[in-house]
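> return a 3D structure for these sequence lines:
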Amino acid sequence: QVQLVESGGGLVQPGGSQRLSCAASGFTLDHYAIGWFRQAPGKEREGVSCISSSSGNTYYADSVKGRFTIFRDNAKNTVYLQMNSLKPEDTAVYYCAVAGPPVFRPLEVYEYDYWGQGTQVTVSS
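Sure thing, here's the model as predicted:
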């Protein structure tokens, strides 16, 4: 059974850092693309970052380029999202999701088949 569990959310001050984890079970993580998405109140869910299967290519939304880094630990079957220089507009529920190959639009919601429950990130002073 495919399962994704996010953790690491919380309250952080502007300019601070936070690391989110996405622990996968029921499948081998590096065989699939893993994406991070976020949804702020009243807004649609948007793609933040993706790490592709096997090659490990990474993709980022323009709004987070240079601030966020996605990486995976195959031994732990876990994908991480390191978020630096956080801004109030990064406040959202963050979700990880898995997509089977091929993936043509790695930051699009419709590409993904299974989702975690989400973790809240609040950036505020």
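> the residue of the chain positioned farthest from its centre: what's it in contact with?
Distance to the chain centre peaks in the chain at Ser125, reaching 23.5 Å (criterion: C-alpha atoms, centre = their mean). Counting by C-beta atoms under 8 Å, 6 or more residues apart in numbering, Ser125 makes contact with 13-14. C-beta here means a position set from N, CA and C on the backbone, and glycine is covered the same way.
> distance check, it against Arg72.
Applying C-beta to C-beta, to the nearest Å, the value for Ser125 to Arg72 is 32 Å.
> Met83: neighbour count?
25 (other C-beta atoms under 10 Å).
> do you know how far the residue farthest from the centre of the chain is from Thr58?
30 Å.
> helix or strand for the residue most central in space within the chain, which one?
What sits nearest the mean C-alpha location of the chain, by C-alpha atoms, centre = their mean, is Trp36, with 2.1 Å. If you go by DSSP states H and E, Trp36 is part of strand 33-39.
> average model confidence for that strand?
Average pLDDT, strand 33-39: 97.
> contacts for it, please.
20, 22, 24, 45-53, 70, 72, 79, 81, 90, 92-101, 103, 106-107, 109, 111-112, 118, 121.
> what comes up buried for it?
33-38 (16 or more other C-beta atoms under 10 Å).
> from the residues you listed, pick the one nearest Ser63.
Arg38 (9.9 Å; C-beta to C-beta).
> what's the nearest residue to the closest one if we skip its chain neighbours?
Ala92 (3.7 Å; C-beta to C-beta, 6 or more residues apart in numbering).
> could you look up the SS state of Cys50?
strand (DSSP: H, G, I helix; E, B strand; the rest coil).
> OK, contacts around the residue lying closest to it once chain neighbours are set aside?
Counting by C-beta to C-beta, 6+ apart, Pro106 is the residue found nearest to Cys50 once chain neighbours are left out, at 3.8 Å. Counting by C-beta under 8 Å, 6+ apart, Pro106 makes contact with 33, 35, 47, 50, 52, 59, 99.
> and those residues, which two are the farthest apart?
Once C-beta to C-beta is applied, the contacts of Pro106 give Gly47 and Ser52 as the farthest pair, at 13.3 Å.
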